[in-house]
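Enquirer: here's my sequence, what's the structure:
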Amino acid sequence: MKSFLHRRNAVLSGGASHLVSVNVEPSSDGASAEVEAVELIADEAPSASHAPDAAGSEEQTDAITADGPESSASARPVSTLHVVPAVPAHLANRPVQLADGASFAALAAANELSTFRAFRSFDYSVTLLFHARSLAYFVAMHQDDTLWHAFRAADLESAGAVFHHLEEQATRLADGETRLAQLAAQNATLARQIEESEAHAERLRVDLQRHAEQEHQVTARQHQVRRDVAQLEAQRIAAQAQLNKAHRTIHQLSVTSNEGVPHLPGR
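Expert: Now for the predicted structure:
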């Protein structure tokens, strides 16, 4: 290890460097056979101001060549490799993780999940479920009864937070459906009110027409009555005149008739 550090320090004092894979022989206690180590080897000669260090670098380079001729001969720039875990590091220790959709569907189909909470808004539904066998909590979001999101939580508090988040998301997604239902109901109410108003207006028109016709009939009747009254009044006047004439005639005839009756002296 000291030799490796000395070689590394010597290289860092120089110019550009390469990454070289070095094979380490297995130890006597049966440990792992190969360990990949990273060494830095100077690619360019140092400047004159660093002559002592350059000499030391050449000696170290000779030592490296003696230790592994194949490694020094095949030295070439390589990319640094990173181990990629199956679960990202920033998610590995989180209390909430994405759940496998097929496994969740299998648990749901086998009726192994107990419903703790449920929320539904139109086609969107959110459920908080508990799996007693694994002491795990699941939060699922469905759209039109089809699984959309599924999360697995280690505790009820974390699952409740996810449930609340998905509930808010479902509410926002259902805002359009809510507005659509409200507008449809309002339009239906307005259409019904328009129909009722038009029917009321039609009844009023019929009433007004009937009133106008009745008024016309009454007016015509009044004119006819007045004509009849005038005619009858004229007839009455004529009859009264005729009657008066008849009375005068009768009086005259009576007077004439009484003139032939002798006057008798009174007793």
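Enquirer: mind listing what residue 177 touches?
Expert: 121-123 (Cβ atoms under 8 Å, 6 or more residues apart in numbering). Placement of C-beta: from N, CA and C, glycine included.
Enquirer: in strands only, show me those.
Expert: residue 121 (DSSP state E).
Enquirer: out of the contacts of residue 177, which end up buried?
Expert: 121-122 (16 or more other Cβ atoms under 10 Å).
Enquirer: tell me the one of the contacts of residue 177 nearest residue 212?
Expert: Proximity of the contacts of residue 177 to residue 212 was ranked by Cβ to Cβ; the top entry is residue 122 with 53.8 Å.
Enquirer: and residue 255, what's its pLDDT?
Expert: Listed pLDDT for residue 255 reads 83.
Enquirer: for it, grab phi and psi.
Expert: phi -60, psi -40 (degrees, to the nearest 10).
Enquirer: with residue 155 instead?
Expert: Residue 155 has phi and psi values of phi -140, psi 160 when expressed as degrees, to the nearest 10.
Enquirer: I'd like the contacts of residue 177 as a markdown table, with distance to residue 113 and pLDDT appended.
Expert: Shown next, in a markdown table, are the contacts of residue 177 (distance: Cβ to Cβ, whole Å; pLDDT from 0 to 100):
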| residue | distance to residue 113 | pLDDT |
| --- | --- | --- |
| 121 | 21 | 91 |
| 122 | 23 | 91 |
| 123 | 21 | 90 |
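Enquirer: now the contacts of residue 177 in CSV, with distance to residue 228?
Expert: Below are these laid out as CSV (distance: Cβ to Cβ, whole Å):
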residue, distance to residue 228
121, 79
122, 77
123, 80
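Enquirer: from what I see, residue 132 and residue 116 are in contact.
Expert: No - the pair residue 132 / residue 116 is not scored as a contact, 11.5 Å apart, by Cβ atoms under 8 Å.
Enquirer: more neighbours: those two, which one.
Expert: residue 116 (16 against 9; other Cβ atoms under 10 Å).
Enquirer: just give the closest residue to that one, not the sequence neighbours.
Expert: For residue 116, ignoring the flanking residues on the chain, the nearest one in space by Cβ to Cβ, 6 or more residues apart in numbering is residue 128 at 4.6 Å.
Enquirer: residue 156 now?
Expert: Nearest one to residue 156, counting by Cβ to Cβ, 6+ apart, is residue 137 at 6.0 Å.
Enquirer: element containing that neighbour, please.
Expert: Assigned by DSSP states H and E, residue 137 belongs to strand 136-143.
Enquirer: show me what that strand is packed up against.
Expert: helix 101-109, strand 124-131, strand 146-153, helix 156-173 (3 or more Cβ pairs under 8 Å, 6 or more residues apart in numbering; DSSP states H and E).
Enquirer: let me see the contact set for the residue nearest to residue 156.
Expert: 116, 128-131, 152-156, 158-159.
Enquirer: at 6 Å what do you get?
Expert: 130, 153, 159 (Cβ atoms under 6 Å, 6 or more residues apart in numbering).
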